[in-house]
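Undergrad: Sequence first, then the predicted structure, then my questions.
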Amino acid sequence: MSVVLKRFLLAVCAVFFSSGLLLANDNVALLNATLVAKLHLDANPEQSQMLGAYQVSFRNTGDTPLRKVSILLNPGLKVSKVLGPAGNKLRTNVRTASVAGQAGLTLTAVDITLATPVNHNDRREIVIHYAGVLEDLSHMGLPMSREILRADFTMLRAQGFAYPVFAKPEMTNIETAWRGKPFHQVAFVELNGSQKIIGNLSFVEKTIQGSKTNFELKTTQPTGPLVLAIGDYETSRAGGITVAYRAGQSTAAASIATAVGTFADSLGQKLGAPKSDALLTIASVRDGYGSGQTGGLFYVEDSMFDAASLTGDTASGASLRSNVLDMWLLNPSRSTGHWANGIDRFILAANTPGTDMKSFQEALFAEARALETGNDKLGKTALTDFTIEGLETEADVINTLAFAVLHDLLGEDTFWPLISKLRGDLSAGYTDTETVANFLDRVLENRNAKKFVGNWFEKGRMGKDLAKAKTFAELVKRYQ
């Protein structure tokens, strides 16, 4: 297997299986959150202040009742109170905690005792009130977390602990929380001055009251932890892609927009329109704040904000193209066992420059054979019944393999128009694997492909094919 393919497979696995990770705070899974933040930004950061409230609902995914949750905040922020159901004040243990695994890093840690235990799969909502300043964590072992409240540029994100992060003071737990399962979020931010806000939440409304400007933002689809950048931003938008830039960067922004637009147009011609609610913002941030990405946002430092760095044959270019590709995915939340995961994973592989498709297909085939060998039931189960039989994880692999086979049976000129039609017809309303099977059975004209769909999706004959084929190529040949 090529080095490029190995890296790609590792990246795909990270993308598709990170959604299954818990948030490293016992068994807490965040469902939705609203951040209310009032910022007084002063030319002298020491005179700046932040007043915040974080309303969050979560679910207990563990088997035992959940009695406490732990949160972390920037050490310059102090919690005044935590409210539970009906506005009742909850008991808290607030302390300054050293973070295990990261020498020199200290944070405000709060252990919250819930009013009543939260049973398995039940949900609870709390509101955390806090205030203070943001301390520069780059001096405490997090070199790219330079957040301080400045009039010219400020960031609010989990990496700077500008709002509660559901984790314990252990670096491995914190890192897991930073890449937690996507969820819906809303933000109401009040600023003094004329700065603008960009991030992984979409702009909803802006109102001005005297010297204060109020912004309302929200997610259009589940996304990772909130990231907001505040500065003298200007924006240009084409379709669902926005380029956000600051003073002196208009030429670079125009070049980036042109290059990214060309790639997006090629995807549109091949795959049809992106999801209607899919948005991507490409933004510059000050040097020293690092580069990062989360659902709907790709941000880079000023020194990297140019078309050559972001759209060329570089790691940043590959990462940005992957973010653009995300706009076409049918399962943006990447939940395991989703009917569209096979389609999405094949779209990602086939449209990522440098992917060795033959190696990718053979690796898929080998993975499917290994799964089938370890589970006698797997090979006899129709793909439409995988979820019923508790085979969600296996379904992602087998579905991807199925679409890889269909690709080779139909050829490029027939397969991609089929995917475009499938995305358009099935992206709205209720869909499951049975709906996909019915769609394929209805629209496929190629008899061999139709037979393959019947055997794998409806009749549970995958095991017989895998037993007789030793390679992906041999599997395809059985239906040609």
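TA: Okay, I see it. Residues are numbered from 1 along each chain as shown.

Undergrad: contacts and neighbour counts: CA atoms only from here.
TA: Will do.

Undergrad: Show me the strands in the stretch 251-400 of the chain, by range?
TA: Using DSSP state E, counting those that start in this stretch, the strands of the stretch 251-400 of the chain run over residues 280-285, 292-294, 297-301.

Undergrad: Out of those strands, which one sits most buried?
TA: Among those, ranked by average contacts under mean count of other C-alpha atoms under 10 Å, first place goes to strand 280-285 (a mean of 25).

Undergrad: Quick one: closest of the strands of the stretch 251-400 of the chain to residue 71.
TA: Nearest to residue 71 among the strands of the stretch 251-400 of the chain is strand 292-294; the distance by C-alpha to C-alpha comes to 20.9 Å.

Undergrad: could you dump the strands of the stretch 251-400 of the chain to TSV with distance to residue 192 and mean pLDDT?
TA: As requested, the strands of the stretch 251-400 of the chain are exported to TSV (distance: least, C-alpha to C-alpha, whole Å; pLDDT from 0 to 100):
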stretch	distance to residue 192	mean pLDDT
strand 280-285	20	96
strand 292-294	27	88
strand 297-301	24	94
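
Undergrad: Tell me the buried residues in stretch 45-59?
TA: For stretch 45-59, a neighbour-count test (16 or more other C-alpha atoms under 10 Å) marks 45, 48-59 as buried.

Undergrad: Go through this structure and flag its longest helix.
TA: The longest helix of the chain (DSSP state H) is helix 250-271.

Undergrad: Send me that one as PDB with only the CA atoms.
TA: Backbone C-alpha positions of helix 250-271 (Å, rounded to 0.1, in the frame of the first residue of the first chain) are rendered in PDB as follows:
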ATOM      1  CA  SER A 250      -7.800  41.600  -0.300                       C
ATOM      2  CA  THR A 251      -5.500  40.500  -3.200                       C
ATOM      3  CA  ALA A 252      -4.600  37.200  -1.400                       C
ATOM      4  CA  ALA A 253      -8.300  36.600  -0.600                       C
ATOM      5  CA  ALA A 254      -9.300  37.100  -4.200                       C
ATOM      6  CA  SER A 255      -6.700  34.500  -5.400                       C
ATOM      7  CA  ILE A 256      -7.800  32.000  -2.800                       C
ATOM      8  CA  ALA A 257     -11.500  32.500  -3.700                       C
ATOM      9  CA  THR A 258     -10.800  31.900  -7.400                       C
ATOM     10  CA  ALA A 259      -8.700  28.700  -6.800                       C
ATOM     11  CA  VAL A 260     -11.200  27.200  -4.300                       C
ATOM     12  CA  GLY A 261     -14.100  28.200  -6.500                       C
ATOM     13  CA  THR A 262     -12.600  26.300  -9.400                       C
ATOM     14  CA  PHE A 263     -12.200  23.100  -7.300                       C
ATOM     15  CA  ALA A 264     -15.800  23.500  -6.000                       C
ATOM     16  CA  ASP A 265     -17.100  24.000  -9.500                       C
ATOM     17  CA  SER A 266     -15.500  20.700 -10.600                       C
ATOM     18  CA  LEU A 267     -17.100  18.900  -7.700                       C
ATOM     19  CA  GLY A 268     -20.500  20.400  -8.600                       C
ATOM     20  CA  GLN A 269     -20.200  19.200 -12.200                       C
ATOM     21  CA  LYS A 270     -19.400  15.700 -10.900                       C
ATOM     22  CA  LEU A 271     -21.500  15.300  -7.800                       C
END
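
Undergrad: which helices and strands does that helix pack with?
TA: Judged by 3 or more C-alpha pairs under 8 Å, 6 or more residues apart in numbering; DSSP states H and E, helix 250-271 is in contact with strand 241-245, helix 307-311, helix 315-326, helix 412-426.

Undergrad: Kindly provide the distance from residue 311 to residue 423.
TA: 26 Å (C-alpha to C-alpha, to the nearest Å).

Undergrad: Out of the strands of the stretch 251-400 of the chain, flag the one nearest residue 438.
TA: Of the strands of the stretch 251-400 of the chain, nearest to residue 438 by C-alpha to C-alpha is strand 280-285, at 32.6 Å.

Undergrad: who does that closest one pair up with?
TA: Strand pairing for strand 280-285, using DSSP bridges, gives strand 241-245 (parallel), strand 297-301 (parallel).

Undergrad: closest one to residue 444 among those?
TA: Across the strands paired with strand 280-285, closest to residue 444 is strand 241-245 (C-alpha to C-alpha), at 33.4 Å.

Undergrad: how about the closest one as PDB, C-alpha atoms only?
TA: The C-alpha coordinates for strand 241-245 follow below in PDB (Å, rounded to 0.1, in the frame of the first residue of the first chain):
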ATOM      1  CA  ILE A 241     -17.900  29.400   0.400                       C
ATOM      2  CA  THR A 242     -16.900  32.600   2.200                       C
ATOM      3  CA  VAL A 243     -13.300  34.000   2.400                       C
ATOM      4  CA  ALA A 244     -12.800  36.300   5.400                       C
ATOM      5  CA  TYR A 245      -9.800  38.600   5.400                       C
END
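
Undergrad: got the angle for that strand vs helix 315-326?
TA: 140 degrees (axes from the mean of the first three to the mean of the last three C-alpha atoms, to 10 degrees).

Undergrad: quick one on the thing from earlier: format the strands paired with strand 280-285 as a markdown table; extra columns: distance to residue 87.
TA: Shown next, in a markdown table, are these (distance: least, C-alpha to C-alpha, whole Å):
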| stretch | distance to residue 87 |
| --- | --- |
| strand 241-245 | 39 |
| strand 297-301 | 34 |
